[in-house]
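Engineer: Requesting a structural model of the entry that follows:
(chains A and B)
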Amino acid sequence: MSVFESITAILPEYESLTEFNDYLAKSLLISKYLAHELHLLVKASDVDYAKKKAADKLSTLVTHPIDDNLLKAASDAIVQYQTELLIIPKLKETQLFASLLESISIPIFLLKKDTEIHFPLDSLFVPISGDPIRSAALEFALELAIQLSTPIDLIHITCGREGYCSCCNETLMENVSDQFYYEYSHRMDKILAETCPFSTFKQKKWVREMCGCTGDIAEQVTRIVSQAPNCALVLEWNGTFLHGHAQRLREIFEKAHCPILLVRSHEPKEFKLKVAKDF
Amino acid sequence: MLQPTEDKLWPHTQDPTWVVEQEGFDPSREREIESLFSIGNGYLGVRGASDFTLPTSQADLFIAGVYDQKIAPPPYSEVELISDPRRLNPFTELVPFPSPFPIKVWVQGKILSLRDSALKSHSRRLDLAQGIYFETFRFEDEKGRITNIRTMRLASLLNRHLLFQEIELGCENHSSEITMEFAPLESLEVYPNLRRQEDIHSSKLAKRRHYETRVSKIFCSVGHRIWRDASDVSNSNLQFHATLGRLSRIRHAISVFTSKDSESPANESTQLLLTASWNQLRLHLKNHTSVWQSFWHSQDIHIDDRPELLQAQRFNCYHLRITADHDSKVSIGARALTGRAYEGHIFWDTEIFMFPFYLYTEPEIAKHLLLYRYHTLKGAKQRAAALGHSGACYAWESTVTGEDVTPQRIVIKGSGQEIPIFTGTQQLHVTADISFAIWNYWNVTLDSKFLAEYGVEILIETARFWTSRLEPENGLFRLRSVIGPDEYHQNIDDNAYTNWMVRFNLEKAVWGMSWIQLYDPDKAQELRQRLKVSNEEIGTWKVTAQKVHQPRINSQGVIEQFDGFFDLQEVSIPTENHLKMPMSRLLDWQKVKQLQIIKQADVLMVPFLFPNSFSRSTLLANYQYYEPKTDHGSSLSPCVHAAIAAQSGLKEHAKHYWEKGLNFDLVNAMKNTALGIHSGCMGGTWQALIFHMLGINVSENGITLRQSEPPVLPTGCRRIQFKIYFRGKRHTLKILPDGRIAA
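Structural biologist: Model (predicted):
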């Protein structure tokens, strides 16, 4: 059973036929493992070539010409094909690339020239903040994990304030309290209940490790994924490059060679506990 | 006190200081909310999981005293308890049972779920005044059908085996076929201690579900009886047609019995439900709220002008009440009956932090807590023997037998680092803490019968342990290789707090023997013979008490926490890091030992328990020395600091720490309320207010106000009124900021 009914890959630009072929091959590979249908959005002039190239690989391939308005084409395709995952390359034109990412609300599979993909994956890395809020990235990863039979490894990076968490690269890193041996043994379960409150026991079993370290987030994430040769990175973002961790995302896009899945955060829920300051 | 709404069937308390309310639904906070909204009656506790549970909910029911062998943590746990001998003990872990409250509801065949966008609004109310949990849901499906559901639940204070749930369902704009399932079959993957069977014993019961713990073989029967609109429903899957504008009302009575209660828990469970009826449950509800009213009437605190503090104080008192019972075979775990953390183990928290609340409000409960220690005295004696000593040494972590169930070491998964746990063999002060509680109980109640039958024997056996454990040196007695309240420093000698408590224990054993000789010479004789107590031995206790090593005191009057503490490397902890014990404290435990950095109040515990034994200047010196060195890595720390700051004249410090302790769970101060509420913190905060901030002093002369410092009231508060029990009477006191007691 596939994770998705339908995924769409966009290839608006390429430097050489080799690059086009490489991109097409990766998209086909992804769709083979993840989806029933692949829709390919290419320039009108490339439609016939793409069809011919991919026809014997995937019977459900649908090609779709794109005009100059890439954002509209992508949005239309998402609606038309009920696309659940969009594969896009890292575009050279930074502004267009940012706008494309910002305009898409479904999960994005980001491909770069140097992205290496080998299924089955050995690990899905998911950075988590440690805050008690839902993690769309981890929820998405849990779905993938079951379908791909790939364990999830959480990454938790702390800033390493002076006099605090001084040891880098420890396998565990967070505040503990009271009798640590009772509190700490519940930590992973608690984190999963907070970040993925709708996950089942069966899903949670796919969470294998929690890798904690201190330092610059982009550097540490890149370092960790580079040590795992056959992994994917599932990142959460708030859907805009104007605030938050945008700079870190950019850095990770630049440096990480593994496939990157980008998932939008959930909208925060209205919630009020009428106590203390909120009495 | 109560101002119920017009809705006679759903009598909400209106005053917001009597209610904890949540509006909106954030699934990520469910575990935390489940702990806060727990209900219970001391025999059992049920976490406040929604009636529509999430897959990650810990919708647990705990039954006091039902333990089983520790089951290995789930695969994603990061801590492994390795090669631990306690794993052979069949009573190491409080068993979580599935809550009987979850429901599933289908409207025209479509299930209602918290997951999708159909949940349009949600709220919870914990009615502290009545001990009732309310929850409301408004669902709208994709066809625009709006279904409103209100539920309420309670754990009866009249019959501790009875739980009650009522559900009201209304179709706002449709008429539909409704299907409801009560207590759907739970996944035992999250209840690894249990085996399960189900039957329908009687046509009047909807279902009866039986559980048995895997190793301790405790049998538990949970019966369900359901009525819809006054008619019995003989099935837990209920189907009916709901008509537009008409409310359907379902009542659900649940009975819980275990093989610890009866030889035939299944029959008891059935019989209780067979005697129930649609109308009788309503009457039961009314009587249940009356018991709660009596409880509040006997001890409610009024904090004028600060409603949010009053609400928090009532919330804490509520939790202390639902945690305790009149069963002398059980005691209160660190997280009470509200969470799985600490495995239901009973620590010193009970006698030192929670016990005084019960003593001064519900002394009968306090007595039962001490009787629990009497019933585990045999285990304490075995433990002393196992440690190579005589007498009784109480377990640092105790369950039902008195055997110590503290793990001995853990290994961190991933790094493989092995970390020893010394508390089980070195944190001995709990033994003296129990003796202190016995003395405290006697002082407040003058319950001679208890003291003669049980208390003196504990004093004797614990004194014996200390004389055996203390080591003579240069005419003094030293206590080596211990851990004080500050658990960062292991293998230390002569912890100031422990030594003080040991001396107290020995003195009270001497006193107890002379008291019983006067009160009941026959009983004294019986004890002397049965326990083989000689005059010589009593003399040894007396001499030893006088010669217990006293800690160094520096020129400023600071008492050294333990031998050599003054010589350790100085460290100061930024205030913003309080309540955040970094992981390095655990991983680098040998390094931390070399630092003047402490987990929680240690020396300050002495004036916390003996407020009249120190001058203001000594208190101030000790507070100012130790407070900056304290992590507050324990929920037991803020209340002690509030207390000592108040007595030292540091009013703002006192208010700060007191509010921190008061709101500890409500604001999730340590980010671990999801694992259960901090009952020790709740009790300690109550003590800090009454005996330290307000300066109440109880003695032979009755209740007086300590004159050394004016009372510390929360900012903006013009008066605090409360009731305490002392020597047969309940006293109502109204304290004003200037130290006057108002009429």
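Engineer: Flag every buried residue along the longest strand seen in chain B.
Structural biologist: In chain B, taking DSSP state E as the definition, the longest strand is strand B:247-258. By neighbour count on 16 or more other C-beta atoms under 10 Å in any protein chain shown, the buried set for strand B:247-258 is B:S248, B:R249, B:I250, B:R251, B:H252, B:A253, B:I254, B:S255, B:V256, B:F257, B:T258. (Each C-beta comes from the backbone N, C-alpha and C, glycine too.)
Engineer: give the contact list for the fifth one.
Structural biologist: Read that as B:H252. B:F164, B:Q165, B:E166, B:I167, B:F182, B:H224, B:R225, B:I226, B:W227 (C-beta atoms under 8 Å, 6 or more residues apart in numbering or on different chains).
Engineer: I'd like the residues you listed as TSV, with neighbour count appended.
Structural biologist: Shown next, in TSV, are the contacts of B:H252 (neighbours: other C-beta atoms under 10 Å in any protein chain shown):
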residue	neighbour count
B:F164	22
B:Q165	24
B:E166	22
B:I167	24
B:F182	24
B:H224	23
B:R225	26
B:I226	27
B:W227	22
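Engineer: Which of those sits closest to chain A?
Structural biologist: Closest approach between the contacts of B:H252 and chain A, by C-beta to the nearest C-beta: B:F182, at 21.5 Å.
Engineer: Double-check the closest one against B:R228; I have them as touching.
Structural biologist: No: under the criterion of C-beta atoms under 8 Å, B:F182 is not in contact with B:R228, lying 11.0 Å apart.
Engineer: Overlap in contacts, these two.
Structural biologist: Here B:F182 and B:R228 share the contacting residues B:L238, scored by C-beta under 8 Å, 6+ apart.
Engineer: so where's the stretch 101-250 of chain A uncertain?
Structural biologist: Residue ranges of the stretch 101-250 of chain A with pLDDT under 70: A:159-178, A:243-245.
Engineer: For it, which segments count as helices?
Structural biologist: Taking DSSP state H, counting those that start in this stretch as the test, the helices found in the stretch 101-250 of chain A are A:136-148, A:180-183, A:187-195, A:201-204, A:217-226, A:246-255.
Engineer: Which strands and helices lie in contact with the fifth one?
Structural biologist: With contacts defined as 3 or more C-beta pairs under 8 Å, 6 or more residues apart in numbering or on different chains; DSSP states H and E, the packing partners of helix A:217-226 are strand A:123-127, strand A:152-158, strand A:207-214, strand A:231-237, helix A:246-255.
Engineer: Would you mind getting the angle between that helix and helix A:246-255?
Structural biologist: 30 degrees (axes from the mean of the first three to the mean of the last three C-alpha atoms, to 10 degrees).
Engineer: How far off centre is helix A:217-226?
Structural biologist: Its chain's C-alpha centre and that of helix A:217-226 lie 14 Å apart, by C-alpha atoms, centre = their mean, to the nearest Å.
Engineer: Equivalent analysis for stretch B:521-532, please.
Structural biologist: Mean C-alpha position of stretch B:521-532 versus that of the full chain (C-alpha atoms, centre = their mean) differs by 36 Å.
Engineer: any idea how far chain A is from B:E351?
Structural biologist: With distances taken as C-beta to the nearest C-beta, to the nearest Å, B:E351 is found 17 Å from chain A.
Engineer: Also B:I492?
Structural biologist: Distance of B:I492 to chain A, computed by C-beta to the nearest C-beta: 18 Å.
Engineer: which residues sit in contact with that residue?
Structural biologist: Taking C-beta under 8 Å, 6+ apart as the definition, contacts of B:I492 comprise B:S481, B:V482, B:I483, B:G484, B:F562, B:D563, B:G564, B:F565.
Engineer: B:M501 touches B:H429, doesn't it?
Structural biologist: Yes: B:M501 lies in contact with B:H429 (C-beta under 8 Å); the separation is 5.5 Å.
Engineer: Just say helix, strand or coil for the spatially closest residue to B:S615 that is not a sequence neighbour.
Structural biologist: Closest residue in space to B:S615, ignoring its immediate chain neighbours: B:G557 at 7.9 Å, by C-beta to C-beta, 6 or more residues apart in numbering or on different chains. Secondary structure state of B:G557, per DSSP: H, G, I helix; E, B strand; the rest coil, is coil.
Engineer: for chain B, what are the low-confidence residue spans?
Structural biologist: Applying pLDDT under 70 to chain B flags the ranges B:1-9, B:72-87, B:200-202, B:413-414, B:574-587, B:742-743.
Engineer: helices and strands around the top helix by length along it, which ones?
Structural biologist: Longest helix of chain B, by residue count under DSSP state H: helix B:496-519. In terms of contacts (3+ C-beta pairs under 8 Å, 6+ apart), helix B:496-519 is packed against helix B:429-445, helix B:456-469, helix B:521-531, helix B:535-546, helix B:605-609.
Engineer: Please identify which of those is closest to chain A.
Structural biologist: Of all these, it is helix B:429-445 that lies closest to chain A, at 13.6 Å by C-beta to the nearest C-beta.
Engineer: Give me the distance from the closest one to the chain's centre.
Structural biologist: Its chain's C-alpha centre and that of helix B:429-445 lie 18 Å apart, by C-alpha atoms, centre = their mean.
Engineer: if we can go back for a sec, now mean neighbour count and distance to B:Q299 too, for the helices and strands packed on helix A:217-226, in JSON lines please.
Structural biologist: Shown next, in JSON lines, are the helices and strands packed on helix A:217-226 (neighbours: other C-beta atoms under 10 Å in any protein chain shown; distance: least, C-beta to C-beta, whole Å):
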{"stretch": "strand A:123-127", "mean neighbour count": "25", "distance to B:Q299": "49"}
{"stretch": "strand A:152-158", "mean neighbour count": "21", "distance to B:Q299": "44"}
{"stretch": "strand A:207-214", "mean neighbour count": "21", "distance to B:Q299": "44"}
{"stretch": "strand A:231-237", "mean neighbour count": "24", "distance to B:Q299": "48"}
{"stretch": "helix A:246-255", "mean neighbour count": "16", "distance to B:Q299": "54"}
